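just a sequence and a predicted model for now, questions to come.
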Amino acid sequence: MMTQYWSVDETNEAAAALAAGGIVAFPTETVYGLGGDAGNTQAVRRIFEAKGRPSDNPLIVHVEDVPAAMRLAKQVSDLERLLMEAFWPGPLTLVLPVREGVVSSLVTAGLDTVAVRVPAHEVARELIAASGRPIAAPSANRSGRPSPTLATHVRGDLDGRIDGLLDGGPTGVGLESTVVQVVGDRIHILRPGGVTREMLRQAVGERAVVDGADSQAAESAASQEQAPRSPGVKYAHYAPQGELLLVAGNPADMIAAVQAQVAEAKARGLRVGVLACAEHAPRYEADAVLDFGSRSEPEAAAQSLYALLRECDERGLDFIVAEGYDERGIGAALMNRLRKAAGGRVLQV
Ligand code: TXA
Ligand code: MG
């Protein structure tokens, strides 16, 4: 298959390809998505095939505005409505009871819910509006690779496997949307992301915001009260080819611990990399030291994480030591992705 490359002033051509059943990668404010007509089972099937994605992992449906989202849901509670008004357009995905027949059953992986969001990226909104239909779109990476934050990432993963790529430059947040499901008066965070727990709390007042599968507290809460889960959570994600060790805890204690890990890996003859904040980076000696930006700006680390993980592979690193961040704000999503990349290898200092 020939992949077509479009610039943002060719958005209408990309929209026409979507309307004709094609699968097209496009920028959002979080990461690049791989879109297809959510009502077209053949198009949706091709998305799963192009990514190599397991068919039991449902897709997020991207729509133009709140009314378009309402048309996909069987019903919407006051609290869900409040979240839509507070955070759309933006990096929040709501898992809603699906209205029968509005999207292909491949999109929802046969569940009775559908994940919906209104992206904040101008190009994405223009594309969706011009296509005239809801667009199912997972992140535009091969399954198991970091999500793409640049068009070149998409090209590297999917060239020849998709109909087109709309190049809108680098994405904004750099991590995916926050996926939430409202159960009664509680908001369950199924995947932390661009809308932070603090922002949710601020918007909904006294109502409970419950952390998802990530924390130990959530694990036990989940078994006790059957908290909702996201099918995607069980899959390995974002793992670089080399082994990644996450060093978490007090930044002041991190440097010595990272240095010790690097020295030990070097002694084993490995090609070693370090992912570190700008303040610490000059202190390390390794085959590659990749800079997250200042520790006072976790947003910068979120923006660069996926590109840096891809760079680890390009540089052929066997072992990567990554510094952890504070779990406040966007730091929660950043640490969630770092823990996944580490596959459970976390050194607490
Ligand atoms: O920022 C984003 O969310 C990006 C951009 C392209 O919008 N998309 C994205 O899609 O990250 P994807 O497919 O990589 O992740 C979607 C997540 C998965 O963890 C999936 O399991 C979950 O959303 N999900 C989708 N539908 C769901 C549903 N009905 N119930 C629970 N979780 C659902
Ligand atoms: Mg993804």
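Structure's in. What do you need? Ligands and ions are numbered 1, 2, ... in the order given.

let's see stretch 82-92 as PDB, backbone CA atoms only.
Taking C-alpha atoms only, stretch 82-92 is exported to PDB below (Å, rounded to 0.1, in the frame of the first residue of the first chain):
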ATOM      1  CA  LEU A  82     -20.100  18.500  33.600                       C
ATOM      2  CA  LEU A  83     -16.900  16.800  32.600                       C
ATOM      3  CA  MET A  84     -17.600  17.400  29.000                       C
ATOM      4  CA  GLU A  85     -18.200  21.100  29.500                       C
ATOM      5  CA  ALA A  86     -15.200  21.500  31.700                       C
ATOM      6  CA  PHE A  87     -12.600  19.600  29.600                       C
ATOM      7  CA  TRP A  88     -13.700  19.500  26.000                       C
ATOM      8  CA  PRO A  89     -12.100  20.100  23.700                       C
ATOM      9  CA  GLY A  90      -9.100  18.600  25.500                       C
ATOM     10  CA  PRO A  91      -7.200  15.500  26.600                       C
ATOM     11  CA  LEU A  92     -10.100  13.800  28.500                       C
END
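
what does that stretch rub up against?
Identification of contacts with stretch 82-92 by C-beta atoms under 8 Å, 6 or more residues apart in numbering yields 29-30, 65-66, 69, 76, 94, 117-120, 125, 173, 176-178, 180, 182, 187, 193-195, 199-200, 203-204. In this view, the C-beta of every residue, glycine as well, is placed from N, C-alpha and C.

quick one: secondary structure of whichever residue of the stretch 151-300 of the chain sits closest to ligand 1?
Among the residues of the stretch 151-300 of the chain, G232 lies closest to ligand 1, at 2.1 Å counting by C-beta to the nearest ligand atom. The three-state label given to G232 by DSSP: H, G, I helix; E, B strand; the rest coil is helix.

gap between the closest residue to L190 other than its chain neighbours and E80?
Excluding the flanking residues, the one nearest L190 by C-beta to C-beta, 6 or more residues apart in numbering is S230, at 3.8 Å. Look at S230 and E80: by C-beta to C-beta, to the nearest Å, they are 17 Å apart.
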